[in-house]
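Q: need coordinates for the following:
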Amino acid sequence: MKAIPLEEFLARKPDYSHHLVHLTRRRGAAPAWQVLGEILVSQRVEARGIHCLARNRISALSAEEQREFRVACFAECEPEGVAAFATPVKGRGFQVEPFGLTFHRPFLEENKAIPVLYAGFPAGMAIMDFWQLALDAGQPHLLRQLMPYVSQKSSSFDFSWEREWRVRGNLYFEPSDLCCVFCETAYVDRLFVFGEAAGIAWDDLKDVPFVDTVKVSEDKLEENSPHYAAA
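A: This is a model prediction of the structure:
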C-alpha cells in the first residue's frame, strides 16, 4: 500500500480533531453566555484554576506561587460534538454549557498548549515523588513546567475522554484566531447587547461564524453559522 502524507491521513482519521474548544460555565452570578461575552471583550481566556495531580500540595504554596500553576483549559472536539460534550456527566466537578470558542490546533500549539497526561498507578506516584526530588535539588521551576499538565487517573476517576489540553497562564487571541463562537440562538441577542455595552468591536468579529451547537453539523457549519456581527 502506498504511503500517504500525514495531513491526508489525519483528514481521514475519524477520532482526530483539528479543533480545540474552550466552553464556559456560570461564574458566580454571571451565566455562561455572559462569561463568553467577557472573554470576547477581553480577547483573553483566563487561567483561573489549578487542575493537576499535585493540587493539594500546590494549595499549601503562597498565592504568588500558586499562580504559576493556573491554567486555561481546552478540549479536542469538533463543532458537531460540542453539544454532547456539554452534557452533564456524573462525577464531573463542574458543568460546562454549550457556549464557548474554538481554535485551530496549531494556534494553541504556538501558544504552548500541551495535552494533559492522565497518570494512573504507578506512574502517578512516581510523578509525585518527582515533586520532592525537584524541591530537594533546588529546582522548583521544573515543577511549574510539568505538574500543570498532569492529572489523576484511576478506575473511579477517569476524565481522559475529555482529551484536554492546557495553557499555563492566560491565552490571548485576536478575532482572526477564532474558528467560530458557540452560542445558542436564543442567547445571541443578549450576547450582542452585552458586548455592545462593554465596547466590543463587533466589526472585528464579522468574519467569525456564530454557531448554535444544538443545530450544527460539520458538513453544514457554514450554513448554520449566522454572522451576527454583521447584523
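Q: Provide the secondary structure category for the closest residue to P88 other than its chain neighbours.
A: With Cβ to Cβ, 6 or more residues apart in numbering as the criterion, P88 has its nearest non-adjacent residue at 5.7 Å, and that residue is Q95. Any C-beta I mention is one placed from the backbone N, CA and C, and that applies to glycine too. Secondary structure, DSSP: H, G, I helix; E, B strand; the rest coil: Q95 is coil.
Q: what about Q95, how many neighbours?
A: 13 (other Cβ atoms under 10 Å).
Q: would you mind confirming that it is in contact with R25?
A: Yes: distance between Q95 and R25: 6.0 Å, which falls inside the contact criterion (Cβ atoms under 8 Å).
Q: all helices for the chain, in order.
A: With helices called from DSSP state H, the chain shows them at 6-12, 32-42, 55-58, 63-67, 82-85, 105-110, 123-136, 141-146, 185-197.
Q: from the contact counts, what lies against the fifth one?
A: Okay, so that is helix 82-85. strand 19-23 (3 or more Cβ pairs under 8 Å, 6 or more residues apart in numbering; DSSP states H and E).
Q: got the angle for the strand it packs on vs helix 32-42?
A: Computed by axes from the mean of the first three to the mean of the last three Cα atoms, to 10 degrees, the angle separating strand 19-23 from helix 32-42 equals 120 degrees.
Q: hang on, the earlier thing: tabulate the helices of the chain (JSON lines), appending mean neighbour count.
A: Putting these into JSON lines (neighbours: other Cβ atoms under 10 Å) gives the following:
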{"stretch": "helix 6-12", "mean neighbour count": "10"}
{"stretch": "helix 32-42", "mean neighbour count": "20"}
{"stretch": "helix 55-58", "mean neighbour count": "14"}
{"stretch": "helix 63-67", "mean neighbour count": "10"}
{"stretch": "helix 82-85", "mean neighbour count": "18"}
{"stretch": "helix 105-110", "mean neighbour count": "15"}
{"stretch": "helix 123-136", "mean neighbour count": "14"}
{"stretch": "helix 141-146", "mean neighbour count": "15"}
{"stretch": "helix 185-197", "mean neighbour count": "15"}
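Q: I figured W33 hits T185, correct?
A: No: applying Cβ under 8 Å as the test, W33 and T185 come out as separate, 11.3 Å apart.
Q: which intervals of the chain have sub-threshold pLDDT?
A: Applying pLDDT under 70 to the chain flags residues 93, 214-231.
Q: distance of T102 from S42?
A: From T102 across to S42, the span is 18 Å (Cβ to Cβ, to the nearest Å).
Q: which residues touch G37?
A: L191, F194, G195, A198, I200 (Cβ atoms under 8 Å, 6 or more residues apart in numbering).
Q: which non-adjacent residue is nearest it?
A: Nearest to G37 is F194, by Cβ to Cβ, 6+ apart, at 4.4 Å.
Q: who's in contact with the residue nearest the centre of the chain?
A: Nearest to the geometric centre of the chain sits F74, at 1.7 Å (Cα atoms, centre = their mean). By Cβ under 8 Å, 6+ apart, the residues touching F74 are L20, V21, H22, F103, L108, A113, E164, W165, R166, V167.
Q: now do the contacts for the closest residue to the fourth one other than its chain neighbours.
A: Read it as F103. Sequence neighbours aside, L20 is the residue nearest to F103 in space, at 5.4 Å (criterion: Cβ to Cβ, 6+ apart). Listed by Cβ under 8 Å, 6+ apart, the contact partners of L20 are F74, A75, E76, C77, T102, F103, H104, R105, L108, A113, W165.
Q: what number of residues lie near the fifth one?
A: Summarising burial for T102: neighbours were counted as other Cβ under 10 Å, giving 24.
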